[in-house]
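Asker: from the sequence below, what's the structure:
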Amino acid sequence: MSAELPDLAEQGIQREREMLFASLRTHLILAPSTSVGKSVIATGLCRASLSLGERTAYLKPVGTGSGDGDDQAHIDTFAPGVLTKCLYHFDEPVSPHLAAQRAAASSSTSPSFPTDHEFAHGVATFANEFAATVGKERGALYIESAGGALKIRHFRPARELTAVVFPAGVHSPTLAGTSQLDAYRPLLPPTILVASSELGGISTTISAYESLTIRGYDVDAVLVFREDYYRNFEYFAKWFADVGIPLGVVDKPPPMGPSPAEDRDGMRKYYAEMERGPLRDVVAGLQQRHLGRIAALETAPRRALDNVWWPFCQHGLVTEEKDVMVIDSAHGDFFSVLRPSSAPTASSSSPSPSLSSPTAPDHPSTSLLQPMLDGSASWWTQCLGHGNPALTLAAAYAAGRYGHIMFPTAISQASLTLTERLLKLVGTSWASRVFFSDDGSTGMELALKMGLRAFSEREGLGKVESRELAVLGLKGSYHGDTMGAMDASEPNVYNEKVDWHRGRGFWLEPPIVRIENGKPIVSEADLRVEFGSLSEVYEVDRRLAEGDALIEVYRTRIEREIGERLAVGDGIRFGTLILEPVVMGAGGMIFVDPLFQRVLIDTVRTNRTLFPSSSSLPSPTSSPDPSTSSPTSPIWQGLPIIFDEVFVGLYRLGRPTTSTFLGAEVHPDLACYAKILTGGLVPMSVTLASDAIFQAFWGNQKVDALLHGHSYTAHPIGCTIANRTLDIIGGLHDDGAWGGAMSEWKAADDLALVAPATTAPATAPSSPAVWSLWSNAFVSEVSSLENIDGAMAMGAVLAIHLRATDAAGYQSTASEALLRRLRYGTPMTPGSAAVSPAGMPFNIHARPLGNVVYWMASLNSEPATLRAIEDAILDALKH
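Answerer: Next up is the predicted model:
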């Protein structure tokens with residue numbers, strides 16, 4: 001029964017296009033191969049649903065082949081009362097992608113066919129429109145995937161019968177040529193797998209199940225025909241019972257009758273028996289699983305509040321269920337979250353924003369789920385999109401091949417390959433060793449152990465002296481939550497309640513870089529310098545060569561403040577310099593003038609008055625002009641220098657290593673990488689060390705070795721994922737995926753060259769020193785708003801400094817109203833299906849750092865998505 005569905009817009013109902021409804025359940029029907037009876041099973045399911053009182057619809061998104069006996073017509077004939085629909089149809093009976101190609105080749109008008117985004121959008125739109133017709137009744141929507149046996153019964157005279165089949169399976173290509181599992185993934189409907197009863201069917205069915213599982217699909221039921229020779233159903237009964245999935249076994253259709261009329265009568269009797277038999281129980285089970293899924297989601301907030309201890313969360317302020325974001329799944333840059341029953345109440349210290357959209361499903365066709373942009377890239381780890389099939393496949397491969405294996409004096413191909421490529425990618429010309437650990441904080445603990453031991457060994461310090469060594473760093477830095485890493489940071493909000501924290505060091509106030517009123521500004525205390533372009537700030541080697549006036553300003557202040565600290569007379573002695581190059585993340589997305597960090601490094605490595613050495617290395621008595629200093633030696637001088645690139649490294653800021661922002665020949669002695677390393681999938685970190693550092697642990701006694709490690713060191717799953725992540729990121733770089741963003745920032749640099757007040761060089765470089773996936777025009781506009789102190793963007797990172805009426809810093813509440821509006825206000829309506837999952841309206845989730853709000857793109861985010869986010873942020877800031 002074909003019918004027109006209601007126009008939701010005319011009823012004032014917004015199409016949400018998520019596919020979890022209180023009254024309507026949806027299931028995607030798939031099969032492992034052709035000719036397994038998927039269309040027959042789908043017809044039986046439709047009839048069983050009708051018999052149980054469900055309003056039922058059948059959607060065939062893509063059909064191929066001509067005639068009156070296709071799947072939709074079969075449903076109309078044997079399951080009257082079912083609403084049927086085919087979104088895209090091609091006459092040639094071949095695989096959809098091939099049908100589309102041939103249709104295009106034979107057309108004189110160069111037709112365009114739906115992208116995967118548009119395909120998912122069409123499916124979701126039909127589901128939402130059907131949900132509106134179901135209302136508060138019970139409903140079922142069956143979506144039959146592409147592929148399978150087509151035109152099972154034509155009901156024509158025998159001489160006119162034809163059997164048309166085309167390649168099938170869970171990975172049958174869409175019109176765009178990609179796997180249909182990837183095309184449906186933004187919707188993630190629960191699935192019904194129709195198993196094969198034929199020879200070879202056990203293998204193809206289990207492979208199909210594994211393909212579904214690896215992409216995060218729920219398989220709610222498996223159905224198979226009873227076939228008494230191969231008896232696959234007996235094998236499946238035990239196999240799927242072991243993984244907790246119910247199996248339904250149905251009889252095969254009767255042989256074709258001698259006439260069309262008799263054949264129709266035979267099939268009607270067959271379907272009548274099917275709907276009263278096992279399929280009725282299967283549908284009842286599907287109904288219960290649907291209700292159970294909703295119940296699990298709706299009770300999750302209370303259960304979480306009662307049992308979970310969240311990080312960085314004051315539980316005294318998170319007490320209501322509406323405060324909890326329940327994430328059902330994630331895909332690309334988005335979460336799929338349970339729609340809250342109401343928005344959390346604003347704190348008494350901030351104004352309550354106006355929320356004009358409903359905060360609970362107030363219509364039966366409103367999905368219980370909604371897309372939510374993952375604005376913090378799941379705490380800075382995600383870089384290639386959630387649910388990336390290439391990474392999940394890599395993880396599954398390693399888990400199947402290795403599980404976990406011990407690492408001391410052992411090696412896997414995965415860990416060895418990763419070691420060698422990291423030494424080449426970020427350790428070229430300085431690093432000789434890679435040490436694996438489990439996260440960024442422990443990776444930094446290792447760097448501290450290594451650097452301090454190397455200093456102690458070279459200086460011949462005893463145990464007492466070694467234990468009192470201090471670190472030199474910058475105010476606003478933060479290196480992790482473990483005790484040693486905390487001690488390497490100044491006292492701050494993160495560690496002030498940690499009783500064992502000692503704060504072993506001295507920290508300099510760095511000059512910061514921000515765009516204010518469209519202009520790049522470097523400022524500190526009473527100093528404020530305007531630059532012609534942002535790239536000009538980050539061309540450090542040029543600034544050194546041209547004798548930037550800030551060189552002497554920085555060097556003088558650094559030497560004075562360190563000298564004053566040493567003169568206190570408490571015997572402080574520095575054992576290492578630790579820096580977050582370019583951006584200090586946890587401290588508030590502080591962009592540091594790279595020239596300051598470069599001058600500090602050169603001072604540490606060359607000034608023997610401030611950093612005396614007992615070794616035989618050359619010991620100049622003062623800091624030379626950095627513009628004339630020689631390339632860094634692999635033998636560390638002054639202090640071992642640690643670069644904390646846990647957050648900023650591996651292309652987060654557009655380059656493999658941020659050390660290059662400090663100068664072409666600047667290298668650390670130790671560097672730590674994590675977060676992006678494994679694509680946001682599993683925890684792992686690495687600490688790279690120079691040979692001079694490594695040699696401090698070399699000897700004949702085990703006690704002299706680096707006695708540090710954990711059970712999952714260099715786990716093959718993480719190493720395999722990391723290798724695949726670096727493959728993909730390298731491909732984005734080599735294929736010019738970021739070319740559009742770079743061109744826009746380069747155009748802004750070129751425009752700055754002709755501005756009358758610029759101090760930029762006469763000739764622009766071929767590519768910008770700094771670029772971002774965030775629009776230059778957007779950052780400039782935001783930085784000019786009255787309620788904004790400044791903004792910055794680099795690579796995937798966007799940071800906006802709100803003008804705070806309370807004190808700026810981590811405890812500021814200035815961002816509350818803005819973030820509430822983005823998260824709970826009227827959802828953003830995409831301009832195209834490519835913006836969000838299936839083109840659904842979405843909200844934005846982000847975590848603030850006090851009065852600083854930040855967002856992070858993936859390295860493969862859709863430009864259309866980022867432009868939509870920018871529009872939403874601007875609108876929220878202006879209103």
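Asker: contact partners for residue 509?
Answerer: By Cβ atoms under 8 Å, 6 or more residues apart in numbering, the residues touching residue 509 are 474-475, 524-525. C-beta here means a position set from N, CA and C on the backbone, and glycine is covered the same way.
Asker: and those, which are buried?
Answerer: With burial judged by 16 or more other Cβ atoms under 10 Å, the buried subset of these is 474, 524.
Asker: out of the contacts of residue 509, the closest to residue 698 would be?
Answerer: residue 474 (31.8 Å; Cβ to Cβ).
Asker: list the residues that contact the closest one.
Answerer: So residue 474 contacts 507-510, 579-580, 584, 592, 597 (Cβ under 8 Å, 6+ apart).
Asker: please redo it, this time with the cut-off set to 7 Å
Answerer: 507-508, 510, 579, 584, 592 (Cβ atoms under 7 Å, 6 or more residues apart in numbering).
Asker: longest helix anywhere in this structure?
Answerer: helix 278-307 (DSSP state H).
Asker: and it, what does it pack onto?
Answerer: Judged by 3 or more Cβ pairs under 7 Å, 6 or more residues apart in numbering; DSSP states H and E, helix 278-307 is in contact with strand 24-30, helix 38-51, strand 219-226, strand 247-251.
Asker: does residue 433 count as helix, strand or coil?
Answerer: Look at residue 433: counting by DSSP: H, G, I helix; E, B strand; the rest coil, its state is strand.
Asker: for the stretch 351-500 of the chain, give me the ranges with low pLDDT.
Answerer: Residue ranges of the stretch 351-500 of the chain with pLDDT under 70: 351-365.
Asker: which residues of it fall in helices?
Answerer: When secondary structure is read from DSSP state H, counting those that start in this stretch, the stretch 351-500 of the chain shows helices at 377-380, 389-401, 413-425, 440-459, 463-467, 483-487.
Asker: residues making contact with the longest one?
Answerer: For helix 440-459, contacts defined as Cβ under 7 Å, 6+ apart pick out 435, 437, 466, 469, 479-482, 484-485, 488, 575-576, 614-615, 639-640, 642, 644, 646, 669-670, 672, 674-675, 685-687, 689, 692-693, 696-697, 706, 708.
Asker: show me how to select, in ChimeraX, the buried members of those.
Answerer: Filtering these down to the buried ones (16+ other Cβ under 10 Å) takes a single ChimeraX command:
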select :435,437,466,469,479,480,481,484,485,488,575,576,639,640,642,644,646,669,670,672,674,675,685,686,687,689,692,693,696,697
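Asker: can you add distance to residue 801 and give the contacts of residue 509 back as TSV?
Answerer: Below are these laid out as TSV (distance: Cβ to Cβ, whole Å):
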residue	distance to residue 801
474	18
475	17
524	15
525	17
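Asker: so which of the contacts of residue 509 comes closest to residue 391?
Answerer: residue 474 (33.8 Å).
Asker: contacting residues for the closest residue to the closest one other than its chain neighbours?
Answerer: Computed as Cβ to Cβ, 6 or more residues apart in numbering, the closest residue to residue 474 that is not its neighbour in sequence is residue 510, at 4.7 Å. For residue 510, the contact set (Cβ under 7 Å, 6+ apart) comprises 474-476, 592, 596.
Asker: list just the nearest of the residues you listed to residue 369.
Answerer: Nearest to residue 369 among the contacts of residue 510, with distances taken as Cβ to Cβ, is residue 476, at 38.6 Å.
Asker: wait, that closest one sits on residue 583?
Answerer: No: counting by Cβ atoms under 7 Å, residue 476 does not reach residue 583; the two are 10.3 Å apart.
Asker: quickly list what's touching both of these two.
Answerer: With Cβ under 7 Å, 6+ apart as the test, residue 476 and residue 583 both reach residue 590.
Asker: from residue 595, how far out is the residue nearest to residue 474?
Answerer: Going from residue 510 to residue 595 by Cβ to Cβ, to the nearest Å gives 11 Å.
Asker: do residue 53 as well
Answerer: Distance from residue 53 to residue 595, by Cβ to Cβ: 73 Å.
Asker: which one of the two is surrounded by more residues?
Answerer: residue 595 (26 against 10; other Cβ atoms under 10 Å).
Asker: residue contacts, that one?
Answerer: 540, 543, 548, 550-551, 554.
Asker: mind checking the SS state of it?
Answerer: From three-state DSSP, the assignment for residue 595 is helix.
Asker: from residue 538, how far off is it?
Answerer: 9 Å.
Asker: likewise residue 370?
Answerer: 39 Å.
Asker: for the longest strand seen in the chain, name the packing helices and strands.
Answerer: Secondary structure assigned by DSSP state E gives strand 55-64 as the longest strand of the chain. Under the contact criterion of 3+ Cβ pairs under 7 Å, 6+ apart, strand 55-64 touches helix 38-51, helix 71-78, strand 83-90, helix 96-106, helix 116-134, strand 139-144.
Asker: in JSON lines: the ones you listed, plus mean neighbour count, mean pLDDT and distance to residue 208.
Answerer: Formatted as JSON lines, the helices and strands packed on strand 55-64 follow (neighbours: other Cβ atoms under 10 Å; pLDDT from 0 to 100; distance: least, Cβ to Cβ, whole Å):
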{"stretch": "helix 38-51", "mean neighbour count": "26", "mean pLDDT": "94", "distance to residue 208": "11"}
{"stretch": "helix 71-78", "mean neighbour count": "21", "mean pLDDT": "86", "distance to residue 208": "19"}
{"stretch": "strand 83-90", "mean neighbour count": "19", "mean pLDDT": "88", "distance to residue 208": "23"}
{"stretch": "helix 96-106", "mean neighbour count": "17", "mean pLDDT": "79", "distance to residue 208": "18"}
{"stretch": "helix 116-134", "mean neighbour count": "23", "mean pLDDT": "92", "distance to residue 208": "20"}
{"stretch": "strand 139-144", "mean neighbour count": "26", "mean pLDDT": "94", "distance to residue 208": "15"}
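Asker: nearest to residue 732, of these?
Answerer: helix 116-134 (18.8 Å).
Asker: tell me the angle the closest one makes with strand 83-90.
Answerer: Counting by axes from the mean of the first three to the mean of the last three Cα atoms, to 10 degrees, helix 116-134 lies at 160 degrees to strand 83-90.
Asker: export helix 116-134 to PDB, keeping only CA atoms.
Answerer: Extracted C-alpha coordinates of helix 116-134, given in PDB (Å, rounded to 0.1, in the frame of the first residue of the first chain):
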ATOM      1  CA  ASP A 116      25.700   8.800   1.300                       C
ATOM      2  CA  HIS A 117      24.700  11.800   3.400                       C
ATOM      3  CA  GLU A 118      21.600  12.400   1.200                       C
ATOM      4  CA  PHE A 119      20.800   8.600   1.200                       C
ATOM      5  CA  ALA A 120      20.800   8.500   5.100                       C
ATOM      6  CA  HIS A 121      18.800  11.800   5.100                       C
ATOM      7  CA  GLY A 122      16.100  10.200   2.900                       C
ATOM      8  CA  VAL A 123      15.800   7.100   5.000                       C
ATOM      9  CA  ALA A 124      15.600   9.100   8.200                       C
ATOM     10  CA  THR A 125      13.000  11.500   6.800                       C
ATOM     11  CA  PHE A 126      10.700   8.600   5.800                       C
ATOM     12  CA  ALA A 127      11.100   7.200   9.300                       C
ATOM     13  CA  ASN A 128      10.100  10.500  11.000                       C
ATOM     14  CA  GLU A 129       7.200  11.000   8.700                       C
ATOM     15  CA  PHE A 130       5.900   7.500   9.300                       C
ATOM     16  CA  ALA A 131       6.300   8.100  13.100                       C
ATOM     17  CA  ALA A 132       4.000  11.000  12.700                       C
ATOM     18  CA  THR A 133       1.300   8.800  11.200                       C
ATOM     19  CA  VAL A 134       1.800   6.200  14.000                       C
END
